[in-house]
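Sequence plus predicted model, see below.
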2 protein chains.
Amino acid sequence: MLIRPIKTRIFKANKSLDKFILRYLPKVPDRSIIVITSKIVALSQGRVLHLADKIKVIKQESDQYIKTKWCYLTLKDGHWCANAGIDESNVESGGIILWPKDLFKTAEKLRARLLKKYKIKNLGILITDSRIFPLRAGVTGVALAYAGFSGLRDYIGTNDLFGRKLKMTKTNVADSLASAAVLAMGEGAESLPLALITDTVVKFRVKVDPRELAIDPKIDLYRPLFARLDSRRKR
Amino acid sequence: MLIRPIKTRIFKANKSLDKFILRYLPKVPDRSIIVITSKIVALSQGRVLHLADKIKVIKQESDQYIKTKWCYLTLKDGHWCANAGIDESNVESGGIILWPKDLFKTAEKLRARLLKKYKIKNLGILITDSRIFPLRAGVTGVALAYAGFSGLRDYIGTNDLFGRKLKMTKTNVADSLASAAVLAMGEGAESLPLALITDTVVKFRVKVDPRELAIDPKIDLYRPLFARLDSRRKR
């Protein structure tokens, strides 16, 4: 698997993401995945606020929230994240960038348009952000949405090395790719908001199920730890 | 960043990990990271049990545990994981493989020996396993231990694109690399228990702090959700 981060100029709010990608990735081989940081997706959607009441916006933007000492721990589009994904880094002074909207639809539409431009058969789009894993310092990348490939690889029913049937194993392909790409793209002033992944093991497909990585909270491994949250649902 | 999974024969319990690695990776360029699945590290340590009382072993091996409908949710060496990392896949019939022991020491010793063999200056070792992220289907890779590079990249005090100082940002380098490598290595019968990462952005160093990725549970983002666990500590 080869992950190549792409150096660009600064992306401006309300500009075309298609043009930006085509400028910095004029040619893309078949079976590539184009990785795009959520920040420039949000910027292309004009999801920038100035002089906003940040706390109010966090509450509006989140599906559930809990105030902590450091930030709001929020549930947003099925992800646990800080402050509903609202971020002040890499935005002009006084601005805050919101989490992008219509994530899977945006990825799919972008894929359909770029596929034609590149004249290839298989293309993946992956929109990434960063997240915190319980008990771990530092952020790792996460897939907010994707198009053109399966986000999950299912081993159930296949044999292991000793011929035993695997009963539970599935791999979260989309987040694994996102983690590596976000590391390569960086979190500071690297100016690498795009990356190209080639030579990887994903299954390319036309339609993806936007719910395939969302697990029913009732069967979540962490359910016993999260159970108390139920009594704190947002009004 | 280039991640190359390495096809091998089946690793046998109590065999030398050094010889195995040197056989399949006879030459390694300076500034490489050798990724090793925890399963073969555990096997090299003889951490295999036959005909054991699995539930009893899970309880013995875990620092904290909670019974769930599907498995035990356990705290082990600072990680939330299922069944204290005990696994029955890819082991001969009737056997269970335990989580490896002395993880960071094992990585460091292996690094010291291999560095000499390869006659290079910078070498990283990364021992990986899989984990579940809250609310997400499928597993992603995680770093159980590493040696030779910083597991955390600290952006605090550096400037973002608009000259604003970053106050909070750190990247979890070790888990990001592990996620990508585990995806490339697979979870089934691929027989790819090693991977080589080159051309990546890590900071190579002789000494690493085994605690740098462990966050004080008191300041964990997920603290409000996990709080009830305190009353359920292992006897």
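Received, thanks. Predicted model, so just to flag it, every value in this text is computed and none were measured.

the bottom helix or strand of chain A by mean pLDDT?
helix A:223-226 (a mean of 75; mean pLDDT, DSSP states H and E).

so what secondary structure elements neighbour that one?
helix B:223-226 (3 or more C-beta pairs under 8 Å, 6 or more residues apart in numbering or on different chains; DSSP states H and E). Any C-beta I mention is one placed from the backbone N, CA and C, and that applies to glycine too.

any chance you could map the helices in chain A?
A:17-24, A:38-44, A:54-61, A:103-118, A:173-185, A:223-226 (DSSP state H).

out of those helices, which comes closest to B:K67?
helix A:223-226 (8.5 Å; C-beta to C-beta).

With mean neighbour count as extra columns, can I get the helices of chain A in a markdown table?
A markdown table is the format used below for the helices of chain A (neighbours: other C-beta atoms under 10 Å in any protein chain shown):
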| stretch | mean neighbour count |
| --- | --- |
| helix A:17-24 | 16 |
| helix A:38-44 | 25 |
| helix A:54-61 | 15 |
| helix A:103-118 | 18 |
| helix A:173-185 | 29 |
| helix A:223-226 | 19 |
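
list the contacts for A:T198?
A:1-2, A:4, A:29, A:31-33 (C-beta atoms under 8 Å, 6 or more residues apart in numbering or on different chains).

again, only using 7 Å
Going by C-beta atoms under 7 Å, 6 or more residues apart in numbering or on different chains, A:T198 touches A:2, A:29, A:32.

same check, this time on A:G141
A:128, A:130, A:178-179, A:181-183, B:176.

what do you get for A:G95?
Contacts of A:G95 (C-beta under 7 Å, 6+ apart): A:48-50.

same deal with A:I58?
A:65, A:72, A:74, A:83-84, A:86.

returning to what we had before: in terms of model confidence, name the weakest of the contacts of A:G95.
Lowest pLDDT within the contacts of A:G95 is found at A:H50 (88).

and the gap between it and A:A189?
Counting by C-beta to C-beta, to the nearest Å, the gap between A:H50 and A:A189 amounts to 21 Å.

Which one's more surrounded, these two?
Neighbours were counted for A:H50 and for A:A189 using other C-beta atoms under 10 Å in any protein chain shown; A:A189 has more, 18 against 10.

Could you chop chain A up by domain?
Domain ranges of chain A: A:1-45+A:100-209, A:48-99, per automatic domain parsing.

which residue sits closest to A:K69 in space, ignoring its chain neighbours?
B:I219 (7.6 Å; C-beta to C-beta, 6 or more residues apart in numbering or on different chains).

Where does the prediction get shaky in chain A?
In the predicted model, chain A carries pLDDT under 70 at residues A:227-235.

for chain A, what spans make up the strands?
Applying DSSP state E to chain A gives strands spanning A:2-6, A:32-37, A:48-50, A:64-67, A:72-76, A:79-82, A:95-97, A:123-132, A:139-147, A:152-154, A:170-172, A:194-198.

Can I get those in CSV including distance to B:K12?
Compiled in CSV, the strands of chain A are given as follows (distance: least, C-beta to C-beta, whole Å):
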stretch, distance to B:K12
strand A:2-6, 32
strand A:32-37, 37
strand A:48-50, 58
strand A:64-67, 49
strand A:72-76, 46
strand A:79-82, 41
strand A:95-97, 53
strand A:123-132, 38
strand A:139-147, 33
strand A:152-154, 27
strand A:170-172, 25
strand A:194-198, 35
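
Of all the ones you listed, which one comes closest to B:E108?
strand A:139-147 (23.1 Å).

Could you tell me the angle between that closest one and strand A:72-76?
For strand A:139-147 against strand A:72-76, the angle by axes from the mean of the first three to the mean of the last three C-alpha atoms, to 10 degrees is 20 degrees.

between strand A:139-147 and helix A:103-118, how many degrees?
70 degrees.

what separates strand A:139-147 from the chain centre, distance-wise?
Taking C-alpha atoms, centre = their mean, to the nearest Å, one finds the center of strand A:139-147 at 2 Å from the center of the full chain.

Equivalent analysis for stretch A:155-164, please.
That offset, for stretch A:155-164, works out to 30 Å (C-alpha atoms, centre = their mean).

go on, stretch A:92-103?
On C-alpha atoms, centre = their mean, the centre of stretch A:92-103 falls 14 Å from the chain's centre.

got it, and stretch A:39-48?
The chain centre lies 14 Å from the centre of stretch A:39-48; the measure is C-alpha atoms, centre = their mean.

now swap in stretch A:177-189 and tell me
With C-alpha atoms, centre = their mean, you get 11 Å for stretch A:177-189.

re the thing from before, looking at the helices of chain A, which is closest to B:A145?
Of all the helices of chain A, helix A:173-185 comes closest under C-beta to C-beta, at 17.7 Å.

Give me the helices and strands touching the closest one, please.
Packing contacts for helix A:173-185, counted by 3 or more C-beta pairs under 7 Å, 6 or more residues apart in numbering or on different chains; DSSP states H and E, involve strand A:2-6, strand A:32-37, strand A:123-132, strand A:139-147, strand A:194-198, strand B:139-147, helix B:173-185.

again, only using 6 Å
Secondary-structure packing of helix A:173-185 (3 or more C-beta pairs under 6 Å, 6 or more residues apart in numbering or on different chains; DSSP states H and E): strand A:2-6, strand A:123-132, strand A:139-147, strand A:194-198, helix B:173-185.

is it possible to export those to a markdown table including distance to B:N122?
What follows is those, written out as a markdown table (distance: least, C-beta to C-beta, whole Å):
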| stretch | distance to B:N122 |
| --- | --- |
| strand A:2-6 | 20 |
| strand A:123-132 | 27 |
| strand A:139-147 | 23 |
| strand A:194-198 | 24 |
| helix B:173-185 | 15 |
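
Let me know which of these is the nearest to A:D160.
Short answer: helix B:173-185, nearest of the helices and strands packed on helix A:173-185 by C-beta to C-beta, at 13.7 Å.

okay, the angle between that closest one and strand A:194-198?
Using the same axes, to 10 degrees: helix B:173-185 against strand A:194-198 is 30 degrees.

List just the one of the helices and strands packed on helix A:173-185 that sits closest to A:L213.
Nearest of those (C-beta to C-beta): strand A:139-147, 7.2 Å.
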